[in-house]
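>>> quick one, fold the following:
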Amino acid sequence: MFGEEAETVNIITSPANQKMGTSSKVKLTNVVDYSWDAQFGIGRITASHYTQKYIAYCVKVGGIGAVRVVDLETKDRVLMRGNRGLIRDVEFMHKADEILLGFIDEYGSFYIYRLERTPKLQ
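Predicted coordinates:
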């Protein structure tokens, strides 16, 4: 926003608790342990469903792109392969009643998947 519509936001932090030492008030949990190639891209390589229950990210498997989807509640994972090239963009559809994931590879092929939870085998 510019001009009259612009708004200044002041962020005020609280002082650190000296009894806690140097530890942070924020706890981090590593969900994905994958190193991406350092390159410039125009699309998204990560996506999260608006419910915050699923994340998806692009990986390279044998020189071909794939998409890994993680269910953050159950920690289940699925790898979507079978496309022609490296994945250039990935996004979830923002819909509550079904989970749709779309992505595009470097050749312009467009893929859409419907994700469904299935009961685990014991």
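
>>> any weak-confidence spans in the protein?
Along the chain, the parts satisfying pLDDT under 70 run over 1-24, 28-41, 120-122.

>>> give me that answer again for 80
Along the chain, the parts satisfying pLDDT under 80 run over 1-42, 96, 117-122.

>>> list the buried residues in the helix or strand containing V59.
In the assignment (DSSP states H and E), V59 maps to strand 54-61. For strand 54-61, burial by neighbour count (16 or more other CB atoms under 10 Å) applies to 54-59. Where C-beta positions appear, they are placed from N, C-alpha and C, glycine not excepted.

>>> again with stretch 75-86
Neighbour-count burial for stretch 75-86, counted by 16+ other CB under 10 Å, picks out 80, 83, 86.

>>> the last one and E106, how far apart?
Distance of L86 to E106, computed by CB to CB, to the nearest Å: 5 Å.

>>> pull up the overlap in contacts between these two.
By CB atoms under 8 Å, 6 or more residues apart in numbering, L86 and E106 have these common neighbours: G65.

>>> ranges for the strands of the chain?
Per DSSP state E, the chain carries strands over the ranges 46-48, 54-61, 64-71, 77-80, 87-92, 99-105, 110-115.

>>> in CSV: the ones you listed, plus distance to V26.
Output for the strands of the chain, formatted as CSV (distance: least, CB to CB, whole Å):
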stretch, distance to V26
strand 46-48, 18
strand 54-61, 19
strand 64-71, 21
strand 77-80, 25
strand 87-92, 25
strand 99-105, 28
strand 110-115, 29
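
>>> quickly list what A66 is bridged to.
V59 (DSSP bridges).

>>> dump the residue contacts of it.
58-60, 79-81, 83, 87 are the contacts of A66 under CB under 8 Å, 6+ apart.

>>> of these, closest to V67?
Closest to V67 out of the contacts of A66 is M80 (4.5 Å), distances taken as CB to CB.

>>> what's the closest non-adjacent residue to the closest one?
Residue nearest to M80 in three dimensions, not counting chain neighbours: V67, with 4.5 Å by CB to CB, 6 or more residues apart in numbering.
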